[in-house]
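Visitor: Predicted model follows, preceded by the sequence.
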There are 2 protein chains.
Amino acid sequence: MFDPASPLSELPARGDCFNRRCISRSVLAHVTGRWGSLVIAALRSSGVLRFSELRGRIDGISEKMLAQTLRELQRDGLLTRTSRPVVPPHVEYRLTPLGAGVAEHVEGLVRWIESHVRDLVRAQREHDADTGDGVAG
Amino acid sequence: MFDPASPLSELPARGDCFNRRCISRSVLAHVTGRWGSLVIAALRSSGVLRFSELRGRIDGISEKMLAQTLRELQRDGLLTRTSRPVVPPHVEYRLTPLGAGVAEHVEGLVRWIESHVRDLVRAQREHDADTGDGVAG
DNA sequence: GTAAGTACTTTCCTTTGGATAGCATTGGTG
DNA sequence: CACCAATGCTATCCAAAGGAAAGTACTTAC
C-alpha cells in the first residue's frame, strides 16, 4: 500500500502520518524536524536565500545540518537548489509551489507560537511552581 | 530580553523562533519535535487518550519517548495529565485550550501533507531519477 | 503463589547532531 | 609567484539524543 516502488496511481490518494511506513510520515519528519520548519519559514519570508544567508538567519544551525536539511527538503520537492557556476560558488534556494503549500501551514504554526510566548511562559512557571501532577479523585 | 526569570510584563509580546535563546524556539522544538506533532494531532482528533492508547496510535514511538514528549508538552501548558489513583493506574491526557490553539495549526500541516502524498512521491522519484542539481547559466 | 494489567523508569547500546577543520576554485594583494 | 579571502559544502571526531527491552509498583483475579 505504501510501497515506494508502486506506480503513483496505485498509491492511496491520502497518506497517513501515524503509520511509520507511509511516505507522508517521513515528509512530516523532514518538515517538522529540528531544522526543517525554520528553513521553510525563512525561505517563505525571504523568497530566495543563499546557503550562508540561511545559516545566518537560523541561529544555532550547523553547516552539516543545514546541508542535510536542504537535501531532504529538496528531495521531497519542497525547495529547489540553483547553483551558478561562478567563483566563489553562488547557490540559491527557494520554495517550490509544493513547498509554498507546506510553508503556509508552517508559518501559521510558527507565528502562533511566537504570538503566544507569554501564555507559554506563564504555563511553564505555574508548572514549575507546583510541580504537581493533576490528580483527580 | 528572553531571560527566563524576568517578569511576564517585561517579556516581549511576541517571540522569535529564529533566536535560539527565545522560549518560543524551544516550544517550537517540542511541538515539531520527532513525536510532538503526532501526539498533538492524536489528542486533537480523539479528545482524551490514555498513555497506552497514544502508544498504540503513534506507530513506532517508544514508551520512553512518549513519556518524555508528554512531559515536555505538559510543561509548556499544551496538555494536561490527569491520573486516577486506581489499580491498575489510569492516566488521561488531553489538550489545554492553549494546546488546542497549536493543535489547529499542527493538524492543518499534517492534513496538508497527507493529502499531497502523491505529489510528494512524484517529486521524490523525479529527484532520484535525474539526481542532478538545478544548474543555471 | 503467581499472573495480569497500566504507566512509567532504567539500562545499555546505536544513531544522530554539533564543532571544527578541510577541500575546490579563482580573483585580488603584496 | 606565494598567499589569502570568499562560498558552499564534506569529513572527522566526540557528545547528546533516541530505541529496545527489561524492571518497578501496586492490587485484583485465579
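Guide: That came through fine.
Visitor: between the longest helix along chain A and helix B:97-115, how many degrees?
Guide: Secondary structure of chain A per DSSP state H: the longest helix is helix A:97-115. Here helix A:97-115 runs at an angle of 170 degrees relative to helix B:97-115 (axes from the mean of the first three to the mean of the last three CA atoms, to 10 degrees).
Visitor: Mind listing what's buried along the following helix or strand past helix A:97-115?
Guide: For helix A:97-115, the succeeding helix or strand toward the C-terminus, using DSSP states H and E, is helix A:117-130. Within helix A:117-130, the residues scored as buried using 16 or more other CB atoms under 10 Å in any protein chain shown are A:117-121, A:123-124. Any C-beta I mention is one placed from the backbone N, CA and C, and that applies to glycine too.
Visitor: For the residues you listed, give me JSON lines that also has pLDDT.
Guide: JSON lines is the format used below for those (pLDDT from 0 to 100):
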{"residue": "A:V117", "pLDDT": "95"}
{"residue": "A:R118", "pLDDT": "95"}
{"residue": "A:D119", "pLDDT": "95"}
{"residue": "A:L120", "pLDDT": "95"}
{"residue": "A:V121", "pLDDT": "94"}
{"residue": "A:A123", "pLDDT": "93"}
{"residue": "A:Q124", "pLDDT": "92"}
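Visitor: of all those, which comes closest to chain B?
Guide: A:A123 (2.3 Å; CB to the nearest CB).
Visitor: who's in contact with the closest residue to that closest one other than its chain neighbours?
Guide: Distances taken as CB to CB, 6 or more residues apart in numbering or on different chains place B:G77 nearest to A:A123, at 2.3 Å, with adjacent residues excluded. Contact analysis of B:G77 by CB atoms under 8 Å, 6 or more residues apart in numbering or on different chains lists A:119-120, A:122-124, A:126-127, B:96, B:98-99.
Visitor: Tell me the one among the residues you listed nearest to DNA strand D.
Guide: Closest approach to DNA strand D among these (CB to the nearest atom of the strand): A:Q124, at 17.6 Å.
Visitor: so who does the closest one touch?
Guide: B:23, B:75-77 are the contacts of A:Q124 under CB under 8 Å, 6+ apart.
Visitor: one more time with 7 Å
Guide: B:75-77 (CB atoms under 7 Å, 6 or more residues apart in numbering or on different chains).
Visitor: between those residues, which is closest to chain A?
Guide: B:G77 (2.3 Å).
Visitor: Which phi and psi values does that closest one adopt?
Guide: phi 80, psi 20 (degrees, to the nearest 10).
Visitor: Pull up the gap between it and B:L95, please.
Guide: To B:L95, B:G77 is 10 Å away according to CB to CB, to the nearest Å.
Visitor: Equivalent analysis for A:C17, please.
Guide: Taking CB to CB, one finds A:C17 at 18 Å from B:L95.
Visitor: Report how many residues lie close to A:P88.
Guide: Using other CB atoms under 10 Å in any protein chain shown, A:P88 has 4 neighbouring residues.
Visitor: hang on, it is in a strand, isn't it?
Guide: No. Using DSSP: H, G, I helix; E, B strand; the rest coil, the assignment for A:P88 is coil, not a strand.
Visitor: And it, its phi and psi?
Guide: Main-chain torsions, A:P88, degrees, to the nearest 10: phi -70, psi 160.
Visitor: Tell me, what's the model's pLDDT at it?
Guide: A:P88 is assigned 93 on the pLDDT scale.
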